[in-house]
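J.: no FASTA, just this:
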């Protein structure tokens, strides 16, 4: 059994003191807590190529963090932001950490509500996968070995792109592993934030059809599903519901785990620190093979 690193006591205590909540204050305090220990350095020979466009909209761009060696697995990271905000520049340390782990890290922006609504986010995830499969070899990546990681609203978009055949990427078979972190997968009325209502629409009659996990039809990719110890209850409940649905659909329990000591955002920020406790479970075969 692999023992994961623990946070220093003062960091763990600060996260626990914030409790199972997530709002602008918790976000700001969490980012400030991890900024001093976040490593943004690239490995020897690594390179970052910023603002590479995969579509015509100004939001349809990615930053590519290359590890400086050929034939590397590719990890696409789709961040959160409540469906209405978020920017890849906030995750430079995550991209650099992926490169240090030996992967080509692709950190993405996507179109946001209220200007762009369902299913634009899932369509953008699909477009990113196709873009990576078609062109990532130029950055040292394996076009047929793609891992897709989504966090929060990003996890909702990734789930829709992986589970819903209506928006599935053309190069779906190139996706080897999917990791979903604390996402919204079912559109229960009490679980919808204002941003989620803007994206999915206010008409509850449409929600069953628009839910990211409306179907669980998929390919051969492995799946990891995580929640955080101090996640708001809505994400724990949604993650557990998806885990049960996957167990019923696949006739075996999915890889469903809790990231201890962390809250909704700190679980992904931690990947860029000496206390990384998530890369092994998120990246799956990308790390197993390399």
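T.: Right, received. Where do you want to start? These numbers were taken from a predicted model, which means no experiment stands behind them. Numbers count the residues shown, from 1 in each chain.

J.: what helix or strand is residue 260 on?
T.: Per DSSP states H and E: residue 260 is located in strand 255-263.

J.: following that strand, which helix or strand shows up next?
T.: Next helix or strand after strand 255-263 toward the C-terminus (DSSP H and E): helix 266-269.

J.: same question for that following helix, mean pLDDT?
T.: Taken as a whole, helix 266-269 has a mean pLDDT of 98.

J.: what does stretch 206-219 give?
T.: Stretch 206-219 carries an average pLDDT of 91.

J.: what distance separates the start and the end of it?
T.: 26 Å (C-alpha to C-alpha, to the nearest Å).

J.: May I see the buried residues of that stretch?
T.: For stretch 206-219, burial by neighbour count (16 or more other C-beta atoms under 10 Å) applies to 207, 210, 211, 212, 213, 214, 216, 218. Where C-beta positions appear, they are placed from N, C-alpha and C, glycine not excepted.

J.: tell me the contacts of the closest residue in space to the first one that isn't next to it in sequence?
T.: Spatially, and ignoring its direct neighbours in sequence, residue 207 is nearest to residue 187 (3.7 Å; C-beta to C-beta, 6 or more residues apart in numbering). If a contact means C-beta atoms under 8 Å, 6 or more residues apart in numbering, then residue 187 has 196, 200, 204, 207, 208, 210, 211 as its contacts.

J.: Could you tell me the end-to-end distance of stretch 80-95?
T.: This stretch, stretch 80-95, spans 15 Å end to end (C-alpha to C-alpha).

J.: and residue 115, how many neighbours?
T.: By other C-beta atoms under 10 Å, the residues close to residue 115 number 11.

J.: helices or strands up against the longest strand belonging to the chain?
T.: In the chain, ranked by residue count with DSSP state E as the criterion, the top strand is strand 141-151. Judged by 3 or more C-beta pairs under 8 Å, 6 or more residues apart in numbering; DSSP states H and E, the packing partners of strand 141-151 are strand 72-78, helix 120-135, helix 153-163, strand 175-181, helix 279-283, helix 285-289.

J.: Provide the contact partners of the fourth one at residue level.
T.: In other words, strand 175-181. For strand 175-181, contacts defined as C-beta under 8 Å, 6+ apart pick out 73, 129, 145-152, 155, 158-159, 162, 169, 219, 221-228, 239, 242, 267-268, 281-286.

J.: switch to 7 Å and redo it
T.: With contacts defined as C-beta atoms under 7 Å, 6 or more residues apart in numbering, strand 175-181 is touched by 129, 145-151, 155, 158-159, 162, 221-226, 267-268, 282, 284-286.

J.: Then stretch 5-17?
T.: If you take C-beta under 7 Å, 6+ apart as the criterion, stretch 5-17 is touched by 33, 230, 261, 262, 263, 266, 274, 275, 276, 277.

J.: Try it again at 10 Å.
T.: Here stretch 5-17 makes contact (C-beta atoms under 10 Å, 6 or more residues apart in numbering) with 26, 29-30, 32-34, 37, 228-230, 260-263, 266-267, 270, 273-277.

J.: so how far is that stretch from its chain's centroid?
T.: Here stretch 5-17 is found 23 Å from its chain centre; the criterion is C-alpha atoms, centre = their mean, to the nearest Å.

J.: Report the rounded mean pLDDT for that stretch.
T.: If you average the pLDDT values across stretch 5-17, you get 97.

J.: same thing with stretch 94-109?
T.: For stretch 94-109, mean pLDDT rounds to 97.

J.: now do stretch 117-126
T.: Rounded mean pLDDT across stretch 117-126 is 98.

J.: just stretch 160-169 next, same as before
T.: Average pLDDT, stretch 160-169: 96.

J.: which residues of the stretch 151-290 of the chain score low on pLDDT?
T.: Where the stretch 151-290 of the chain drops to pLDDT under 70, the residues are 218, 285-290.

J.: Partner strands of the longest strand of the chain and their direction?
T.: Paired strands of strand 141-151, with direction, are strand 72-78 (parallel), strand 175-181 (parallel) (DSSP bridges).
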